[in-house]
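Asks: Sequence and predicted model, in that order:
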Amino acid sequence: ISDKPRYPNYQFDKNESHKFDQINPFKVKSVDGYSMLLNLKKLRKINDFNFFDENFFLYLENEDLCKRLEKNDENIYVIPKSKIHHLGGKAVDPKYKNEIEYLRNWHWMWSKFYFNKKHYGYLIHTY
């Protein structure tokens, strides 16, 4: 998509055609957690729906929530005119840069493992 923003905070469904709309809200497959607005009143009506899975820490909790919303036939939209400024890790003292990077990598791998196990099982076939 040539007119798509350079660093979007959402993902399209790869099986559907898309055109980025700079004015009107458009449907997406998932959106980053720092940019979510949730209709809690509507979501509470879904039986046994828990919002964020507490087994995730730092990574993929937003992807998990979006995947579960999709399974419940809920829609996710992007409002193109909205503006979000995410500082992403700016609260960390630079002297702990290496330690923080090791922890981020560990949490990313754990979250990826847990996400795949939860949604696809222990073994994923990619063929």
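Replies: All right, it came through fine. Residues are numbered from 1 along each chain as shown.

Asks: what's next to stretch 45-53, contact-wise?
Replies: The contact list for stretch 45-53 (CB atoms under 8 Å, 6 or more residues apart in numbering) reads Leu38, Leu43, Glu61, Asp64, Leu65, Arg68, Asn72, Glu74, Lys118. Bear in mind the C-beta positions are built from the backbone N, C-alpha and C, glycine included.

Asks: And those residues, which of them are buried?
Replies: Leu43, Glu61, Asp64, Leu65, Arg68 (16 or more other CB atoms under 10 Å).

Asks: which among the residues you listed gets closest to His85?
Replies: Within the buried ones among the contacts of stretch 45-53, the smallest distance to His85 is 20.7 Å, found for Glu61 (CB to CB).

Asks: hang on, isn't the closest one packed against Ser30?
Replies: No: the criterion here is CB atoms under 8 Å, and Glu61 misses it with Ser30 at 11.4 Å.

Asks: Pull up the overlap in contacts between these two.
Replies: Counting by CB under 8 Å, 6+ apart, Glu61 and Ser30 have no shared contacts at all.

Asks: Pull out the buried residues from the longest helix belonging to the chain.
Replies: For the chain, the longest helix by residue count, based on DSSP state H, is helix 97-120. Residues of helix 97-120 classed as buried: Trp110, Ser111, Tyr114, Phe115 (neighbour count, 16+ other CB under 10 Å).

Asks: which one of those residues is nearest His18?
Replies: Phe115 (24.0 Å).

Asks: about what we covered before: give me the contacts around the longest helix of the chain.
Replies: Here helix 97-120 has contacts from 53, 55-61, 63-64, 67, 89, 92, 124, using CB under 8 Å, 6+ apart.

Asks: Try it again at 7 Å.
Replies: Asn55, Phe56, Phe57, Leu58, Tyr59, Leu60, Glu63, Asp64, Lys67, Val92, Ile124 (CB atoms under 7 Å, 6 or more residues apart in numbering).

Asks: Quick check: the gap between the closest residue to the fifth one other than its chain neighbours and Asp73.
Replies: Counting by CB to CB, 6 or more residues apart in numbering, Tyr59 lies nearest to Ser111, which is 4.0 Å off, once chain neighbours are set aside. Distance from Ser111 to Asp73, counting by CB to CB, to the nearest Å: 25 Å.
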